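Chemist: following is a predicted model, sequence given first.
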Amino acid sequence: RTWLAWVRTSLSALSIAFSLLALVAEAATHWLAVLLYLLGSGFVVAVFSLFATGWLRYARVREVLGHPKSQAVAFHRAGLSHQAHFLAALCLGLSALYLLGGSTELATQAGSGR
């Protein structure tokens, strides 16, 4: 992935975090507000970890490309499995929260007669 792709992904995570944190005040129940806050905070952490991982990988690629071709250089880039697992957990949590929050909102609307 390019440096721009890492920055773009971290900015997408930031927009999701802002959206979730903005919904905390409008949550129908207390537990939904807490889950929205925790998930939004998780996406904020993802922003910094994505940006840092992208920068470290970009800097390492630049360093390796700067060596003469006669020298063999070990690549040793930061792995991506930790990023993939963390983002997958956040997205699964977001999907579950969407389903739970939507059913709670429908139950609240049905109970109030809207």
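Modeler: Sure thing, it's come through.

Chemist: for residue 83, give me its contacts.
Modeler: Residue 83 is in contact with 49, 50, 53, counting by Cβ atoms under 8 Å, 6 or more residues apart in numbering. No exception for glycine: its C-beta is placed from N, CA and C like everyone else's.

Chemist: one more pass at 10 Å, please.
Modeler: Going by Cβ atoms under 10 Å, 6 or more residues apart in numbering, residue 83 touches 6, 9, 46, 49, 50, 53, 54.

Chemist: mind checking the SS state of residue 9?
Modeler: With DSSP: H, G, I helix; E, B strand; the rest coil as the basis, residue 9 sits in helix.

Chemist: please look at it and residue 47 and confirm they touch.
Modeler: Yes: with contact defined as Cβ atoms under 10 Å, residue 9 and residue 47 form a contacting pair (9.2 Å).

Chemist: which regions of the chain lie under the pLDDT threshold?
Modeler: 70-78, 102-114 (pLDDT under 70).

Chemist: for it, what spans make up the helices?
Modeler: 3-23, 30-66, 81-112 (DSSP state H).

Chemist: what about residue 62, distance to residue 2?
Modeler: Note on residue 62: its distance to residue 2, by Cβ to Cβ, to the nearest Å, is 12 Å.

Chemist: I misspoke; the intended subject was residue 67.
Modeler: Per Cβ to Cβ, residue 67 is found 20 Å from residue 2.

Chemist: contacting residues around residue 12?
Modeler: 43, 46, 47, 50.

Chemist: got it, and residue 80?
Modeler: If you count contacts by Cβ under 10 Å, 6+ apart, then residue 80 has 1, 53, 57 around it.

Chemist: look up the closest residue to residue 5, ignoring the ones flanking it.
Modeler: residue 54 (7.6 Å; Cβ to Cβ, 6 or more residues apart in numbering).

Chemist: could you double-check that that neighbour lies in contact with residue 4?
Modeler: Yes: assessed by Cβ under 10 Å, residue 54 is found in contact with residue 4 at 9.0 Å.
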